[in-house]
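Participant: curious how this folds, go ahead:
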Amino acid sequence: MFVVRRPIGAMLVALVAGAAVLTGCLIGPSESKAARGMELALQDDAVYVQGKYPRIQGDGSKPYGYARALGVTRLRTNVLWAYTLPPSEYGAKKKPAVLHYDFSVFDRLIDRAAAAGIRVHASLTGPAPRWANARKYTVRKAWFKPSATEFGKFAAVAAQHFKGRVDRYSIWNEPNWKTWLGPLKTGPALYRNIYKAGYDAIKSADPAAKVLIGETAPVGRKGKSTSPLKFLRGVTCVNAKYKRAKSCPKLKADGYAHHPYDFAHAPNYRYPGSDNATLGTLSRLTTALDKLKRAGVLRKNGGGRMPVYLTEYGYFASGHRALKKRLRVKYLKQGQSLALKNKRVRSQLQYLLVSPPRSQRASFFDLGLMNTKGKKNAGFNALRAWYVGHRGKVKRPGAAIALPPAPPQPTV
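Facilitator: Just a heads-up that it's a prediction; the model follows:
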């Protein structure tokens, strides 16, 4: 989730809700061909993980019916490292001798999604447990210098638990945004180490699983975020000309995940700043990925050009950044079409199904398509109409997916 500001709660546990809802273009000839089979994706952890809003849940299968109506074949979820542990363990100053992980809410999501013919993308991310942060850790600095070594151990546990049930992962959410990973100055180096530890752990536990790098926010803001392309150059240790500036580990990935938000403009708007990458300036990102491949510092597994997964997108339905209904409908449809035309894009994700009620802290970030009673707004109808009109060019939900049963919750 990309926002101008990121309020952090006074207690670690308060971060759960915030993080769960937290995150005509001149396209070059190489990107102009329609990407047949692009998947449509959705994320709303309040609905699909936390099970909020009884009118939306029904018997538990109702949210998946809404997803299928939009053509969704993939649900993304943030697996928040600290909160897979009990409070006494994630809040400890010293690492406990035994850790009791609990992935049961994600197991339920995976099973219900599979019954609806939908796969799950797990984004393994912070906040880290207190004992896995730097010594300067405070509740307000839950993002501060997490341990890559400990994250790798967590990723190994998660990948082993989800083996055969989750086929796609990404490493950390918006690592170029200060309150997800910091400090900003050392963010690229921190992320490099976190990504490599997570990638190696996942591939060791489940070689068939795909691992995406990035999950970057779209633009740089002074003191808040680093522009995604500048951040990526730092991660891969190249200079502004994409030449190796120093020695650091070469990286591999199965794709690049990115959040191409631009809340104020049409999807094809040329957002300023050569290191920023919105949907209307996505060619900047794909060009950078090609340069990194040629530099030999970031390559796609199996060879070829790095595919792009747009793992958060949407427009505000309420608040001071909300667009007029007519514009929101128009821009949501245009965004889908623009993503479809780019052959590097494998997935386009609508962030949020349900508008958070005003009583919740997360209500400031409302990209929802319906209210908590299930009343659909114009955004839902727009995306539904777009899917119906493009069913021959995108993946479509199919029959139930057979998965092995969830294993017992791990203790390590």
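
Participant: what are the ranges of the helices in the stretch 1-150 of the chain?
Facilitator: 15-21, 45-48, 54-57, 62-69, 87-90, 104-115, 148-162 (DSSP state H, counting those that start in this stretch).

Participant: and those helices, which is most packed in?
Facilitator: helix 45-48 (a mean of 26; mean count of other Cβ atoms under 10 Å). Any C-beta I mention is one placed from the backbone N, CA and C, and that applies to glycine too.

Participant: quick one: average pLDDT of it?
Facilitator: On average, the pLDDT along helix 45-48 is 98.

Participant: how far away from the center of its chain is that helix?
Facilitator: Computed by Cα atoms, centre = their mean, to the nearest Å, the chain-centroid distance of helix 45-48 equals 14 Å.

Participant: that older thread, kindly reformat the helices of the stretch 1-150 of the chain as JSON lines containing distance to Arg361.
Facilitator: Output for these, formatted as JSON lines (distance: least, Cβ to Cβ, whole Å):
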{"stretch": "helix 15-21", "distance to Arg361": "6"}
{"stretch": "helix 45-48", "distance to Arg361": "12"}
{"stretch": "helix 54-57", "distance to Arg361": "19"}
{"stretch": "helix 62-69", "distance to Arg361": "22"}
{"stretch": "helix 87-90", "distance to Arg361": "19"}
{"stretch": "helix 104-115", "distance to Arg361": "20"}
{"stretch": "helix 148-162", "distance to Arg361": "26"}
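
Participant: which one, of the ones you listed, ends up nearest to Arg344?
Facilitator: The closest of the helices of the stretch 1-150 of the chain to Arg344 is helix 62-69. By Cβ to Cβ, the value is 24.6 Å.

Participant: how much does the closest one deviate in direction from helix 104-115?
Facilitator: Relative orientation of helix 62-69 versus helix 104-115 (axes from the mean of the first three to the mean of the last three Cα atoms, to 10 degrees): 50 degrees.

Participant: which other helices and strands contact helix 62-69?
Facilitator: Secondary-structure packing of helix 62-69 (3 or more Cβ pairs under 8 Å, 6 or more residues apart in numbering; DSSP states H and E): helix 54-57, helix 104-115.

Participant: dump these into CSV; add mean pLDDT as well.
Facilitator: Output for these, formatted as CSV (pLDDT from 0 to 100):
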stretch, mean pLDDT
helix 54-57, 96
helix 104-115, 98
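
Participant: any regions of the stretch 1-150 of the chain where pLDDT drops low?
Facilitator: 1-36, 136-140 (pLDDT under 70).

Participant: for the lengthiest strand in the chain, packing partners?
Facilitator: Identified as the longest strand of the chain according to DSSP state E is strand 72-80. With contacts taken as 3+ Cβ pairs under 8 Å, 6+ apart, strand 72-80 sits against helix 15-21, strand 39-43, helix 45-48, helix 104-115, strand 119-125, strand 345-351.

Participant: that strand pairs with which strands, parallel or anti?
Facilitator: Here strand 72-80 is paired, per DSSP bridges, with strand 39-43 (parallel), strand 119-125 (parallel).

Participant: per-residue confidence for Gly398?
Facilitator: Per-residue pLDDT puts Gly398 at 95.

Participant: Ile118 is in contact with that one, correct?
Facilitator: No. Counting by Cβ atoms under 8 Å, Gly398 stays clear of Ile118, with 9.2 Å between them.

Participant: which one's more surrounded, the two?
Facilitator: Of the pair Gly398 and Ile118, Ile118 is the one with more neighbours under other Cβ atoms under 10 Å, namely 24 against 11.

Participant: residues in contact with that one?
Facilitator: Neighbouring residues of Ile118 by Cβ atoms under 8 Å, 6 or more residues apart in numbering: 64, 67-68, 72-75, 397, 401.

Participant: only alpha carbons, please: show the longest strand of the chain as PDB.
Facilitator: Coordinates of each C-alpha in strand 72-80 appear next as PDB, following Å, rounded to 0.1, in the frame of the first residue of the first chain:
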ATOM      1  CA  VAL A  72     -10.000 -13.200 -10.000                       C
ATOM      2  CA  THR A  73      -7.800 -16.200 -10.100                       C
ATOM      3  CA  ARG A  74      -5.200 -15.100  -7.500                       C
ATOM      4  CA  LEU A  75      -5.500 -13.700  -4.000                       C
ATOM      5  CA  ARG A  76      -2.500 -12.000  -2.500                       C
ATOM      6  CA  THR A  77      -1.900 -11.900   1.300                       C
ATOM      7  CA  ASN A  78       0.700 -10.300   3.500                       C
ATOM      8  CA  VAL A  79       2.100 -12.900   5.900                       C
ATOM      9  CA  LEU A  80       3.300 -10.700   8.700                       C
END
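
Participant: pull the number of nearby residues for the residue nearest to Lys325 when sequence neighbours are not counted.
Facilitator: Beyond its immediate neighbours in the sequence, the residue positioned closest to Lys325 (Cβ to Cβ, 6 or more residues apart in numbering) is Ala378, lying 4.9 Å away. Neighbourhood size, Ala378 [other Cβ under 10 Å]: 14.

Participant: OK, contacts around Ala378?
Facilitator: 325, 328-329.

Participant: ok, of the residues you listed, which come out buried?
Facilitator: Buried members of these, scored by 16 or more other Cβ atoms under 10 Å, are 328-329.

Participant: so the longest helix along the chain versus strand 119-125, what angle?
Facilitator: Counting residues, the longest helix in the chain under DSSP state H turns out to be helix 187-205. Here helix 187-205 runs at an angle of 130 degrees relative to strand 119-125 (the same axes, to 10 degrees).
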